[in-house]
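A.B. asks: pasting the structure only:
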């Protein structure tokens, strides 16, 4: 009897896990990170992320090359990227070139770990853009070399 109850409990746990996984998949709906990037970022940063978008030459400062990887051994700066894109990191000193996208990337929030082990409610579109920028670095970015 106890063994049957254990299997029943395990079955319930597995079923709950499948339901939650389905919910997570539904949360990932809407435009992809690449689509959001192309709609909001590529005009300045370029489709490849190298800072060579069609508006780049007319700006006071060249857009950042998003394919540049962090220094060797450094993790992808997820929190910095998300804060900069959102505008949170620039509230007191707004960037005169790059607009703040906080309002554009609002929407459904999900719990997200930026790498510090803490699940924080974060707008899903912002996560998608940051994760897409990470792929730009993985696909063709050169390692930055430390200054001598």
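C.D. replies: Here it is on my side, so go on. Being a predicted model, the structure only gives us computed values, none of them experimental. Residues are numbered from 1 along each chain as shown.

A.B. asks: low-scoring stretches of the chain, by residue?
C.D. replies: For the chain, the stretches flagged by pLDDT under 70 are 1-28, 72, 89-97, 140-148.

A.B. asks: can you pull out the strands in this protein?
C.D. replies: Assigned strands in the chain, in chain order: 109-113, 119-123 (criterion: DSSP state E).

A.B. asks: Redo the ones you listed as TSV? Include mean neighbour count and distance to residue 42.
C.D. replies: C-beta here means a position set from N, CA and C on the backbone, and glycine is covered the same way. Below are the strands of the chain laid out as TSV (neighbours: other C-beta atoms under 10 Å; distance: least, C-beta to C-beta, whole Å):
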stretch	mean neighbour count	distance to residue 42
strand 109-113	14	24
strand 119-123	15	20
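
A.B. asks: Export those as JSON lines, with columns for distance to residue 58.
C.D. replies: Listed next are the strands of the chain as JSON lines, based on distance: least, C-beta to C-beta, whole Å:
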{"stretch": "strand 109-113", "distance to residue 58": "35"}
{"stretch": "strand 119-123", "distance to residue 58": "29"}
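
A.B. asks: which one of the ones you listed lies closest to residue 134?
C.D. replies: Residue 134 lies closest, by C-beta to C-beta, to one member of the strands of the chain: strand 109-113, at 13.1 Å.

A.B. asks: In the sheet, which strands lie alongside that closest one, parallel or antiparallel?
C.D. replies: strand 119-123 (antiparallel) (DSSP bridges).

A.B. asks: so who does residue 45 touch?
C.D. replies: Going by C-beta atoms under 8 Å, 6 or more residues apart in numbering, residue 45 touches 51-53, 56, 63-64, 66.

A.B. asks: can you do 10 Å?
C.D. replies: 37, 51-53, 55-56, 63-67, 98, 133, 136 (C-beta atoms under 10 Å, 6 or more residues apart in numbering).
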